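> take a look and give me a structure for this.
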Amino acid sequence: MRRAVRAWCLLAASALVLPSTLAGCAVRSTPSAGRPVEGGVATFAEPPNGTPDYIFPFMSGEHFSASNTAHLQFLMYRPLYWFGSGGRPAVDDRLSLADQPAFADDDRTVTVRLRDYAWSNGERVTADDVAFWMNMMKAEKRNWAVYVPGRFPDDVDSVQVTSPNTVVFHLNRSYGRKWFLYNELSQITPMPKAWDRTAAGPSDCTHRRSDCPAVHDYLTDQAEQLDRYASHPLWSIVDGPWRLRSFRGDGHVSFVPNPSYSGPDKPHLSEFREAPFADSQSEYNVLRSGQNSVQFGYLPPENAPIRERGEPVGPNPLARNYTLARWRVMSTAYFPVNAQNPEVGPVFRQQYARQALQSAVDQRSVVRAAMHGYGSPTTGPVPTDPPNAYANTRTQPDQFPHDLDRARRLLAGHGWTTPPDGVGRCVRPGTGPDQCGAGVRPGQPLEFDLLHASGTRRVSLFVQQLQSSASRIGVRINLEGAPANAVRSTATACRAGDPDCQWQIADWGSGWSFAPNYYPTGEQIFSTGAASNQGSFSDPRLDALIDRTQHDDSPRAMQDYQRYGARALPALWMPQADHEIAEIANDLKGVQPLNPYLNITPENWYYVK
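The predicted structure is shown next:
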């Protein structure tokens, strides 16, 4: 039977198979040669200006990033379900804290049974720890980064702990099984009993929702004290394979193995470190110095061999010490425009205006010139690269290739002047089919401010290309650079009149990696009112199509959503760069395959004799 299952898994991995069918096919990296050496130190290079800065897993959109989740919190506090199996976009059953959920009552009742995991203080990971998280979500949902009104936790009528290791979710209606596992249960990180407290002492958010706001405020306050992360007794209680040894606000982080870790894959390394870099070139200088101070780094695209026809042309410049690997992730690349900005929001709410701006984005040129071929154009809300079961160039074709004539016609046809190298203005205000649109004032200029991540050459080249192309159709874009974390924290969903609603266009260098919404249905980023819908986009038709994907697991539901979303443009698409052109030290094993959701598992890394 094991041989038959293994053969089926290999066959499935080579075909277009839905990720849910691969749940039992987790593949652990195996030694390529030699015997693992116990001990040693390995250092991971953080992305430019992408340092971790928040330890509490329950966080707002201001702190929600892979640097905080995948590269800090998940190493110590395991989510209920782990995603990314053998390099594939699928749930990893072997690394999850619970068995696959059991559905009953026409998929309105979901039972989750936890496995035998322990916290480092000796207590077991129990169903109460899940209830603690759920009560926190119910009480503080507006402070949860991926909260969507009407979805998790609103779609859960009640949570019932029926035994120390069993928790039952009673839902308000039937939902798709894949969607509920991949996008709802995936949001849960069990929290230890020791965190259920306030400054005054122990509390009981686990059983009384009324206690949760005070607990949330206390834990949030503690999480703002970065200099205490490594010494604070709260954060030392972990159930993952690592615990903090040191943490500095500048991004220098050190982990050591958790001796109480009860899951699979105990660490081989004696220490795992993360190191910050202000820009990609300074990190590259460290790699090519040959000092071997970074074992997992990244090659700036401008220094990488150009890829043509899918293959690199030329050698890896760091081949003497490192092996090159493409780190592609399940993400969609976009940059939001703020529909609620009091000055330019009315323009951004016009679909024709977004389509005109999209037509000014020369994605293919940016992939060639700025990414050296390590990337691909984004054509809509569902990733087409890396290959997956949800979308491809046939189901989601490029509806807005670079076309300045089309952009100019769209603007002129709706009442704008389009002077090349000048600033267009609205000369036909009003709501008619050939007018500027609701809220656009007479004489309003086509001038926008774009805040973008600094320190990465591909981002700088991209925004410069957009600025240049836009100028040829009468659109002036003013550029301002800032660290990626600052761009993210600035570009938040807002309402007109809010003091934080002054930003206009933002590009933090990526878009959205599908975590913890691993099934790419878009409710957390493009639904009306979603906390991570930074541009405050709203379209009832798109909302309805997103809602359908949550109840219908069929490919048709996903295809209808992606086709409409690609044209509606809830944000502006930009090229999807490889997350990294990874450079992995030749003597460090167990790193590949790289996780398509940006999770890292340094407990699998080892040196060989």
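
> show me where the stretch 201-350 of the chain has its strands.
Along the stretch 201-350 of the chain, the segments classed as strands by DSSP state E, counting those that start in this stretch run 201-202, 242-247, 253-257, 271-275, 296-298, 306-308, 311-313, 322-327, 331-335.

> mind telling me which of those strands the model trusts least?
Out of these, strand 311-313 stands lowest, with a mean of 86 (criterion: mean pLDDT).

> chain neighbours aside, what residue packs nearest to the most centrally placed residue in the chain?
Central residue of the chain (Cα atoms, centre = their mean): S513, 2.7 Å from the mean position. Of all residues not flanking S513 in the chain, S331 sits nearest, at 4.1 Å (Cβ to Cβ, 6 or more residues apart in numbering). C-betas here are computed from N, CA, C, even on glycine.

> the one you found: what's it in contact with?
For S331, the contacting residues are P383, S510, G511, W512, S513, F514, Q576, H579, by Cβ atoms under 8 Å, 6 or more residues apart in numbering.

> rewinding a little: reformat the strands of the stretch 201-350 of the chain as JSON lines; add distance to D128.
Compiled in JSON lines, the strands of the stretch 201-350 of the chain are given as follows (distance: least, Cβ to Cβ, whole Å):
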{"stretch": "strand 201-202", "distance to D128": "14"}
{"stretch": "strand 242-247", "distance to D128": "22"}
{"stretch": "strand 253-257", "distance to D128": "26"}
{"stretch": "strand 271-275", "distance to D128": "30"}
{"stretch": "strand 296-298", "distance to D128": "37"}
{"stretch": "strand 306-308", "distance to D128": "51"}
{"stretch": "strand 311-313", "distance to D128": "52"}
{"stretch": "strand 322-327", "distance to D128": "37"}
{"stretch": "strand 331-335", "distance to D128": "34"}
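
> residue contacts, A194?
Going by Cβ under 8 Å, 6+ apart, A194 touches W119, N121, E123, P233, L234, I237.

> what's the separation between the third one and G511?
Spelled out, that is E123. When distances are taken as Cβ to Cβ, to the nearest Å, E123 and G511 turn out to be 39 Å apart.

> more crowded one of those two?
Higher neighbour count among E123 and G511: G511, with 21 against 15, using other Cβ atoms under 10 Å.

> quick check: pLDDT value at that one.
88.

> phi first, then psi, for it.
In this entry, G511 is assigned phi and psi values of phi 150, psi -110 (degrees, to the nearest 10).

> surely it and T332 touch.
Yes: proximity of G511 to T332 meets the contact threshold set by Cβ atoms under 8 Å, at 5.4 Å.

> sketch out the low-pLDDT regions of this structure for me.
For the chain, applying pLDDT under 70 flags the ranges 1-34.

> show me it divided up by domain.
According to automatic domain parsing, the chain is divided into the following domains: 78-228, 242-329+579-608, 331-577.

> export those domains as a markdown table, with columns for distance to A45.
Converted to a markdown table, the domains of the chain look like this (distance: least, Cβ to Cβ, whole Å):
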| stretch | distance to A45 |
| --- | --- |
| domain 78-228 | 20 |
| domain 242-329+579-608 | 4 |
| domain 331-577 | 13 |
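
> which one of those domains lies nearest to T69?
Taking Cβ to Cβ as the criterion, domain 331-577 is the member of these that comes nearest to T69, at 6.8 Å.

> from start to finish, how long is the closest one in a straight line?
The first residue of domain 331-577 is 10 Å away from its last residue (Cα to Cα, to the nearest Å).

> please apply the same query to stretch 337-345.
End to end - Cα to Cα - stretch 337-345 spans 8 Å.

> buried set for it?
Neighbour-count burial for stretch 337-345, counted by 16 or more other Cβ atoms under 10 Å, picks out V337, N338, A339, Q340, N341, E343, V344, G345.

> and T43, which of the three is it?
When the structure is split into helix, strand and coil by DSSP: H, G, I helix; E, B strand; the rest coil, T43 lands in strand.

> so it makes contact with F296?
Yes: distance between T43 and F296: 7.2 Å, which falls inside the contact criterion (Cβ under 8 Å).

> so for these two, which residue has more residues nearby?
Taking other Cβ under 10 Å, T43 and F296 do not tie; F296 has more neighbours (25 against 20).

> residues in contact with the more buried one?
Contact partners of F296, counting by Cβ under 8 Å, 6+ apart, are A42, T43, F44, A45, A582, E583, I584, A585, L588, V591.

> how about the contacts made by the closest residue to the fourth one other than its chain neighbours?
With Cβ to Cβ, 6+ apart as the criterion, A45 has its nearest non-adjacent residue at 4.2 Å, and that residue is G297. G297 makes contact with A45, E283, Y284, V286, L287, Y322, A582, E583 under the criterion Cβ under 8 Å, 6+ apart.

> for the fourth one, list the residues it contacts.
So the one you mean is V286. Shown here is V286, whose contacts under the criterion Cβ under 8 Å, 6+ apart are A45, F277, S293, V294, G297.

> could those residues be laid out in CSV, adding distance to Q160?
Written out in CSV, the entries for the contacts of V286 read as follows (distance: Cβ to Cβ, whole Å):
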residue, distance to Q160
A45, 45
F277, 48
S293, 51
V294, 48
G297, 47
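
> farthest pair within those residues?
Greatest spatial distance in the contacts of V286: F277 and S293, 11.8 Å, computed using Cβ to Cβ.
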